[in-house]
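>>> sequence first, then the predicted structure, then my questions.
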Amino acid sequence: MTAARPLTLMAVHAHPDDEATGTGGVLAKAAAEGVRTVLVTCTDGRCGDGPGGVKPGDPAHDPQAVVQMRAGELERSAAILDITDLELLGYGDSGMMGWDTNDAPGAFWTTPVEEAGARLAELMRHYRPDVVVTYDENGFYGHPDHIQAHRITVNALDQIGDDGPAKVYWTTIPRSQFEEFGRVMRELGADWDESEDEQPDFEMGLPDDEVTTWVDTRAYAQQKYDALAQHASQNDNIFFLRLGVERMAELMGIETFVRVRDSTGAAVPEHELFDGLR
Ligand SMILES: [Zn+2]
């Protein structure tokens, strides 16, 4: 007889900091409930802001210094979220769509999907997650590394077949939230442009009635905030941090998902990732 295996949640993310923004709440909540949490971060974040706020493209931007800084930030964030296992795939951050870095040697975007998918499948065989979370086919907002994280997750799930997780989710945001979100971001000084030419050629998020899973993580807002605060070197995160803990909880405390695989029969809409598993 072996002891019952704890439930396991695996989150597949593109960059150091994505674990906090999109899933910081569910990761902290799961850990508090005794769930084993595995964070897979696919890239090293080398195209992010460097020490002292140096931007990519600036001659003073040193990718190796950025990688080192962000690895430390990720470790501290993971510790705050009580992540059980942190796995780094270590691919090169591809930068935004159209940047030269898309095609750089070792960039995640140009890594064959089957190759990275095989490495992720190996991690899935090792950890045997009950629940896997990543982005939708547009990487939520179109970043190549987020799209690739989606693709390798789908590929890994294909490779492990019937031994795969009982439930699979893509992160999403209900459309009803976008207007409020944009308003708050502009108020905080973010360059949140909603003009036509700034919009990607797909619609971000989902109509509210297509969002299957709404998890109230407000009790874990402090952990989510503190985790994100470790990534304050990245300019985009500063706007979220300006919210403060309470407003962040209001605006980002209900984490939302679309369930794309389920073998438990749990009814939707649901309010827990682990409905049907315990
Ligand atoms: Zn990212």
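In hand now; what should we look at? What you are looking at is a predicted structure, and each value in this text was computed from that prediction instead of being measured.
>>> residue contacts, the residue of the chain found nearest the ion?
At 3.6 Å from the ion, residue 15 is the closest residue in the chain, using CB to the ion. In short, each C-beta sits where N, CA and C put it, glycine included. Residues in contact with residue 15 (CB atoms under 8 Å, 6 or more residues apart in numbering) are 41, 42, 43, 45, 48, 70, 93, 145.
>>> in what helix or strand does it lie?
Using DSSP states H and E, residue 15 falls within no helix or strand.
>>> that older thread, can I get the contacts of residue 15 in JSON lines including pLDDT, distance to the ion and secondary structure?
Compiled in JSON lines, these are given as follows (pLDDT from 0 to 100; distance: CB to the ion, whole Å; DSSP: H, G, I helix; E, B strand; the rest coil):
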{"residue": "41", "pLDDT": "98", "distance to the ion": "9", "secondary structure": "strand"}
{"residue": "42", "pLDDT": "98", "distance to the ion": "9", "secondary structure": "strand"}
{"residue": "43", "pLDDT": "98", "distance to the ion": "8", "secondary structure": "strand"}
{"residue": "45", "pLDDT": "98", "distance to the ion": "8", "secondary structure": "coil"}
{"residue": "48", "pLDDT": "97", "distance to the ion": "9", "secondary structure": "coil"}
{"residue": "70", "pLDDT": "98", "distance to the ion": "11", "secondary structure": "helix"}
{"residue": "93", "pLDDT": "98", "distance to the ion": "8", "secondary structure": "coil"}
{"residue": "145", "pLDDT": "98", "distance to the ion": "6", "secondary structure": "helix"}
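>>> can you tell me which of these has the most neighbours?
residue 43 (32 neighbours; other CB atoms under 10 Å).
>>> contacting residues for that one?
14, 15, 89, 90, 91, 92, 93, 94, 108, 145.
>>> residues from the stretch 51-200 of the chain in reach of the ion?
On the criterion CB under 5 Å from the ion, the ion has no neighbours in the stretch 51-200 of the chain.
>>> sec struct for the residue nearest to residue 239 when sequence neighbours are not counted, please.
Take residue 239 and drop its neighbours on the chain: the residue closest to it by CB to CB, 6 or more residues apart in numbering is residue 190, 4.2 Å away. Under DSSP: H, G, I helix; E, B strand; the rest coil, residue 190 falls in the coil class.
>>> same deal with residue 39?
strand.
>>> who are the contact partners of it?
Residue 39 sits in contact with 10, 11, 13, 19, 27, 78, 81, 83, 85, 86, 87, where contact means CB under 8 Å, 6+ apart.
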